[in-house]
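>>> What shape does this take:
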Amino acid sequence: MALVSWILVVLVALALAAVLILIALYVRRSLLQRDGGFDMCVRGSSHDGWAGGWAFGIGRYREESLEWFRTFSFTTWPKRSFQREDMTVENRRDPDSEESYELPAGHVVLVCAVENEPVEVSMSESAATAFLAWLEAAPPGGQFVD
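Numbering: from 1, shown residues only. Down below sits the predicted model:
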């Protein structure tokens, strides 16, 4: 009988811990979204420390940089930060047949180069339009002026 009660206590503690983790992730996501965040997936090259697959996260603009936070993380700092002057968009495309299962519905893929390293980002159509406008809105003397 005592063993059953200990197992029950452990199961309740694990369930409570899972609920607290989910609440913490929800609060973090809400704070990032409230601060101008938008859903954004990133796929970098494998030699960049990435496994090569799409990673889900939240993008947020900060002056001359685009900060990217992983969705399932407790950190308060961005996992990656893209400087506007170092980033160019090389192509825009719809997700291929395999990616359409991996990415959220309605996302487009932007093939970018960050300091000559390939990086792909995926976001909604409206977020992609805002992203391209942000890139083009570089201050005078930036990357678009020769």
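>>> For Trp6, the count of nearby residues, please.
Residue crowding around Trp6 was assessed by other CB atoms under 10 Å; the count is 9. C-betas here are computed from N, CA, C, even on glycine.
>>> where does it fall, helix, sheet strand or coil?
helix (DSSP: H, G, I helix; E, B strand; the rest coil).
>>> Kindly report the same for Phe74.
Local secondary structure at Phe74 is given as coil here, using three-state DSSP.
>>> gap between the most centrally placed residue in the chain and Leu66?
For the chain, the residue sitting closest to the mean C-alpha position, by CA atoms, centre = their mean, is Gly57 at 2.5 Å. Separation of Gly57 from Leu66 (CB to CB, to the nearest Å): 11 Å.
>>> And the contacts of the helix or strand Thr129 falls within?
Element membership of Thr129, judged by DSSP states H and E, is helix 125-136. Where contact means CB atoms under 8 Å, 6 or more residues apart in numbering, the residues beyond helix 125-136 that reach it are 38-40, 59, 61, 66, 84, 87-89, 92, 106, 108, 110, 121, 123, 144.
>>> quick check: domain ranges of the chain?
The chain is divided into the following domains under automatic domain parsing: 1-34, 37-136.
>>> quick check: mean pLDDT across the last one?
Put plainly, it is domain 37-136. Here the mean pLDDT over domain 37-136 is 87, rounded to a whole number.
>>> What is the neighbour count of the nearest residue to Thr71 once chain neighbours are set aside?
Computed as CB to CB, 6 or more residues apart in numbering, the closest residue to Thr71 that is not its neighbour in sequence is Phe56, at 4.4 Å. Phe56: 15 surrounding residues under other CB under 10 Å.
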